[in-house]
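> This is a predicted model, with the sequence first.
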Amino acid sequence: MRDLKAAPQRGLLIVNPKASTGSRRRTRWVRKKLDEVLDLEVEVTRRRDHAEILAKRGADKGYDVVLSLGGDGTVNEVVNGLVSGGRPADEAPIFAPIPAGSTNVFARALGLPWDRRRASLAIVSALEERRVRTVSLGRATGDDVDRLFTFCAGLGWDASIIKKVESYRKKRNLGAHYARAVMAELNEHGVEGDTIEVELSSGEEDLSEGMVVVQNCAPWTYLGTLPVNLNARASFNAGLDVLVLRKLGLSDAAMTAASLLVGRDGPDGKHAVTHHDLSRIRLRASLPQAFQLDGDYLGERTDVELSSVPEALRVAC
Ligand SMILES: Nc1ncnc2c1ncn2[C@@H]1O[C@H](COP(=O)(O)OP(=O)(O)OP(=O)(O)O)[C@@H](O)[C@H]1O
């Protein structure tokens, strides 16, 4: 092992003590491992949005590496703090996400193991070997929101489901909760509803009557170990991908939902279409629709613009 203590990088570990799979003992183990390669400071979040403030402070203070120990909510806050105000990737600390949530989409999409110990070891080895990758991010603006996202944004049906899943919080087996929320949503509303106009930077237009999902990478999410690939071509090295769910009758809603969630071939083109590698996507809903960023329900919105921010963040993985 190379002795980085000779010239250690300064690291800041931001710990969310409320993340689903967090515990003091596990945090101590991670901290000990990181201590071997970094001159490490640790900060613990005290409330929602605190990770963003801590990360911004870390970037301002010139830390070389900032790590999160939490789920995708913590990742989203830390990333927003690191490159807030348009800070270029090479002037921001290198980021590394250590998974401690229930799903950990961003860390897994980077190829890190779901298991926190194995992920920590992979990150330690990336730091030792100075293995860094620069990834794109997405940015959502409009209707009093201006926020970066790491893996997805959604307007309509999937955000309503996320709102439901959040209400089942602190219970285990999120895969089952997700399926339960899908069925509850289908029973209550179907997927037919108000329209969402979709305007793409390619010049194309589309119309959805249920849901629009924008992805910055693939997969979109995981049900346990199963990757859900609504848009398998989405990539950190390209612009944004979008899935537009077109008109859908209640009779085949469950079938289509199932094929979207577990199908290997993506949407069938009849009920849903995808568009690849876009710099900008404008969404205008006829009535306020549920909105989510990185799996976090943010309330209802009618007008949102999603844009790609290429090479926005350096990641050790
Ligand atoms: N001390 C705290 N008290 C209450 N909430 C907190 C605290 N620190 C962070 N949070 C909030 O906890 C929320 C959930 O965090 P996070 O997404 O990291 O974990 P998770 O929900 O277990 O993961 P996943 O989204 O994968 O299920 C975030 O919105 C974050 O802002």
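Everything's here; your move. Numbers count the residues shown, from 1 in each chain.
> Could I get the full set of strands for the stretch 1-150 of the chain?
Here the stretch 1-150 of the chain has its strands, by DSSP state E, counting those that start in this stretch, at 9-15, 38-44, 65-70, 94-99, 132-142, 145-149.
> Ok, which of those strands comes nearest the ligand?
Checking the strands of the stretch 1-150 of the chain against the ligand by CB to the nearest ligand atom gives strand 65-70 as the closest, at 3.4 Å. From N, CA and C alone the C-beta is placed, and that goes for glycine too.
> I'd like to know how far the residue of the chain found nearest the ligand sits from residue 197.
Residue nearest to the ligand within the chain (CB to the nearest ligand atom): residue 71, separated by 1.9 Å. In this view, residue 71 and residue 197 are 33 Å apart by CB to CB, to the nearest Å.
> Which one of the two is surrounded by more residues?
residue 71 (27 against 15; other CB atoms under 10 Å).
> neighbours of the residue nearest to the more buried one when sequence neighbours are not counted, just the number please.
Leaving aside its sequence neighbours, residue 71 sits nearest to residue 101 (CB to CB, 6 or more residues apart in numbering; 1.8 Å). By other CB under 10 Å, the residues close to residue 101 number 25.
> is it true that residue 101 touches residue 68?
No - contact criterion CB atoms under 8 Å: residue 101 and residue 68 do not qualify, at 9.8 Å.
> shared neighbours, these two?
Residues touching both residue 101 and residue 68 by CB atoms under 8 Å, 6 or more residues apart in numbering: residue 74.
> Need the three-state assignment for the residue nearest to residue 109 when sequence neighbours are not counted.
Distance criterion CB to CB, 6+ apart; nearest residue to residue 109, sequence neighbours excluded, is residue 217 at 4.5 Å. Secondary structure assignment for residue 217 (DSSP: H, G, I helix; E, B strand; the rest coil): coil.
> any idea of the pLDDT on residue 217?
At residue 217, the pLDDT value in this model is 95.
> tally of neighbours for it?
Neighbours of residue 217 (other CB under 10 Å): 25.
> ok, now the one 10 residues further on?
Under the neighbour criterion other CB under 10 Å, residue 227 is assigned a count of 17.
> quick one on the thing from earlier: now do the phi/psi pair for the residue nearest to residue 71.
Note on residue 101: its backbone torsions stand at phi -100, psi -170 [degrees, to the nearest 10].
> Near residue 130, how many other residues are there?
Neighbour count for residue 130, taken as other CB under 10 Å: 11.
> cool, residue 23 as well?
Residue 23: 11 neighbours (other CB under 10 Å).
> Against residue 241, how distant is it?
For residue 23 relative to residue 241 (CB to CB), the value is 36 Å.
> rewinding a little: export the strands of the stretch 1-150 of the chain to JSON lines and tack on mean pLDDT, mean neighbour count and distance to residue 54?
Output for the strands of the stretch 1-150 of the chain, formatted as JSON lines (pLDDT from 0 to 100; neighbours: other CB atoms under 10 Å; distance: least, CB to CB, whole Å):
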{"stretch": "strand 9-15", "mean pLDDT": "97", "mean neighbour count": "22", "distance to residue 54": "5"}
{"stretch": "strand 38-44", "mean pLDDT": "96", "mean neighbour count": "17", "distance to residue 54": "5"}
{"stretch": "strand 65-70", "mean pLDDT": "98", "mean neighbour count": "28", "distance to residue 54": "9"}
{"stretch": "strand 94-99", "mean pLDDT": "97", "mean neighbour count": "27", "distance to residue 54": "13"}
{"stretch": "strand 132-142", "mean pLDDT": "97", "mean neighbour count": "19", "distance to residue 54": "19"}
{"stretch": "strand 145-149", "mean pLDDT": "96", "mean neighbour count": "19", "distance to residue 54": "16"}
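> Among those, which comes closest to residue 204?
Each of the strands of the stretch 1-150 of the chain was scored for nearness to residue 204 using CB to CB, and the closest is strand 132-142 (18.7 Å).
> who touches that closest one?
Strand 132-142 is contacted by residues 79, 83, 89, 94, 110, 126, 146-150, 152-153, 214, 216-217, 236-240, 293, 301, 303-317 when judged by CB under 8 Å, 6+ apart.
> The same query, at a cut-off of 7 Å, please.
Here strand 132-142 makes contact (CB atoms under 7 Å, 6 or more residues apart in numbering) with 79, 89, 94, 147-150, 153, 214, 216, 236, 240, 293, 303-317.
> Over to stretch 286-305?
With CB under 7 Å, 6+ apart as the test, stretch 286-305 has contacts from 72-73, 76, 103, 105, 140-143, 145, 147, 149-156, 158-160, 162-163, 166, 194-196, 221, 280, 282-285.
> Derive a ChimeraX selection command for the buried subset of those residues.
Selection of buried members from the contacts of stretch 286-305 for ChimeraX, criterion 16 or more other CB atoms under 10 Å:
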select :72,73,76,103,105,140,143,145,147,149,150,151,152,153,154,155,156,158,159,160,162,163,195,196,221,282,283,284,285
